[in-house]
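1. Return a 3D structure for these sequence lines:
(one chain, ligands or ions: 4)
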Amino acid sequence: MRMKGEIVGYKRGVEEEEEINTEENQTEMVGGGLVQSKKTIVVGYALTSKKTKSFLQPKLECLARAKGILFVAIDQSKPLSDQGPFDIVLHKLSGSKWRRILEEYRLTHPDVTVLDPPDAIQHVYNRQYMLEDVADLNLSDSYGKVGVPRQLVIEKDSSSISDAVSKAGLRLPLVAKPLAAKSHELSLAYDKFSLQMLEPPLVLQEFINHGGILFKVYIVGEAIKVVRRFSLPDVSKRELSKNPGVFRFPRVSCAAASADEADLDPCVGELPPRPLLERLAKELRRRLGLRLFNLDIIRELGTKDRFYVIDINYFPGYGKMPEYEHIFTDFLLSLVKQR
Ligand SMILES: Nc1ncnc2c1ncn2[C@@H]1O[C@H](COP(=O)(O)OP(=O)(O)OP(=O)(O)O)[C@@H](O)[C@H]1O
Ligand SMILES: O=P(O)(O)O[C@H]1[C@H](OP(=O)(O)O)[C@@H](OP(=O)(O)O)[C@@H](O)[C@@H](O)[C@@H]1OP(=O)(O)O
Ligand SMILES: [Mg+2]
Ligand SMILES: [Mg+2]
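-> Numbering: from 1, shown residues only. Ligands and ions are numbered 1, 2, ... in the order given. Purely as a prediction, here's the structure:
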């Protein structure tokens, strides 16, 4: 058991350090310098080794330590309640066994913040439901309109896809995405005949021309950070008629380079209006019950303010988000303050 974990003797004056207003927070003068002893915030993490490497970079751990936050790896071979005690549990692991462990832990440790609830994460791991809340929200104000592309779920039977597409009135080209959001093999279908080559279960989504630029909107609690990435290029009517077939992309988004420094047509590269994103993020945080996620948003080509959310990812690659170490540590501190 951790005895009221404390960092003792930490010298103030580190630029990034912030005051933590907890009762345990004490300061005292020692040897002429202001030395602080305060409660350490212990964050247990259960992440894949890939995620640990990309997320838990030295710059994050260093700044966290300076702010009194300690990251501790969760040992999956031991009972969770025998570890810690944690103030926060950060996780992104798959499997029903892990989900059950976490659910039980949440019930027996209501004072620990589990980021995020397993059920809420499962909801966005299925592309059938992932965008439902965005569609229901139907956000439209003076800053713009946010929707989702029309889509159709195909559970099985590839021979029926063409009929289902006609019946639903979906327009080609269509993006075919595996139903499981953690699978990233995408296809672009240019003609109806080729649709039978696709392998269900999948969602078929209308492809929206967007000038080849995508906005990644990273959300960390109340904080929002937007970056530009290169995306799939537009498909012209001419191309559509001349190139029948299905084009497969093993992992489109992974290869997508940052477009923040690119010389872009302002009509394409201009970031979505901040107030619109603030409203969208606030609503989705509440409706999805998540605090750590990102949205892939595109602007329909030829429009100024018609946006589509095409993907939502739980605990995305924050290591690629500018200033993530500041944003993330501030967020962790705010969680403890709120309590
Ligand atoms: N409806 C659409 N219209 C236009 N382009 C799209 C559409 N859906 C997907 N794309 C393009 O395909 C890429 C991958 O799609 P999506 O983001 O849904 O896949 P993903 O594998 O879940 O990505 P990530 O790695 O972000 O989780 C997008 O980044 C975008 O370039
Ligand atoms: O690996 P990366 O750092 O690129 O992060 C990606 C992350 O992979 P990881 O969490 O498994 O590492 C993906 O998660 P899964 O779909 O596999 O759950 C997904 O969230 C992507 O959207 C992230 O890319 P980003 O959207 O931030 O560009
Ligand atoms: Mg994506
Ligand atoms: Mg995704």
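2. Could you list which residues are in contact with the residue nearest to Ala120 when sequence neighbours are not counted?
-> Nearest in space to Ala120, with sequence neighbours left out and distances taken as CB to CB, 6 or more residues apart in numbering, is Gly289 at 3.8 Å. (C-beta placed from N, C-alpha, C; glycine too.) Gly289 sits next to 116-117, 119-120 when contact means CB atoms under 8 Å, 6 or more residues apart in numbering.
3. Could you tell me how many residues sit around Phe193?
-> 12 (other CB atoms under 10 Å).
4. how about it, what does it touch?
-> Phe193 neighbours (CB under 8 Å, 6+ apart): 162, 244.
5. same deal with Leu174?
-> 165, 188-189, 195, 204-207.
6. And for Phe247?
-> Phe247 makes contact with 187-188, 190 under the criterion CB under 8 Å, 6+ apart.
7. cool, and Ser187?
-> By CB under 8 Å, 6+ apart, the neighbours of Ser187 are 175-176, 198, 246-249.
8. mind running it again at 6 Å?
-> Counting by CB atoms under 6 Å, 6 or more residues apart in numbering, Ser187 touches 176, 246, 248.
9. From ligand 2, how far out is the second one?
-> Noted for Val246: a distance of 22 Å to ligand 2, by CB to the nearest ligand atom, to the nearest Å.
10. and if you look at the first one?
-> Distance of Ala176 to ligand 2, given as CB to the nearest ligand atom: 17 Å.
11. Skip the chain neighbours and tell me the closest residue to that residue.
-> Excluding its sequence neighbours, the residue lying closest to Ala176 (CB to CB, 6+ apart) is Ser187, at 4.3 Å.
12. Next, that neighbour: secondary structure please.
-> strand (DSSP: H, G, I helix; E, B strand; the rest coil).
13. So what sits opposite it in the bridge?
-> Ala176, Arg248 (DSSP bridges).
14. Including distance to Thr329 and neighbour count, could the contacts of Ser187 go into JSON lines?
-> Output for the contacts of Ser187, formatted as JSON lines (distance: CB to CB, whole Å; neighbours: other CB atoms under 10 Å):
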{"residue": "Ala176", "distance to Thr329": "40", "neighbour count": "23"}
{"residue": "Val246", "distance to Thr329": "45", "neighbour count": "18"}
{"residue": "Arg248", "distance to Thr329": "40", "neighbour count": "13"}
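15. Make a markdown table out of the residues you listed and add pLDDT and distance to ligand 3.
-> Formatted as a markdown table, the contacts of Ser187 follow (pLDDT from 0 to 100; distance: CB to the ion, whole Å):
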| residue | pLDDT | distance to ligand 3 |
| --- | --- | --- |
| Ala176 | 98 | 14 |
| Val246 | 95 | 20 |
| Arg248 | 93 | 16 |
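16. out of the residues you listed, which one sits closest to Lys225?
-> Proximity of the contacts of Ser187 to Lys225 (CB to CB) peaks at Ala176, which lies at 30.0 Å.
17. domains in the protein, as residue ranges please.
-> 41-116, 120-147+210-232+254-314 (the TED database).
18. Check what pLDDT the residue of the stretch 51-200 of the chain at minimum distance from ligand 3 gets.
-> Nearest residue of the stretch 51-200 of the chain to ligand 3: His184, at 8.0 Å (CB to the ion). His184 is assigned a pLDDT of 95 by the prediction.
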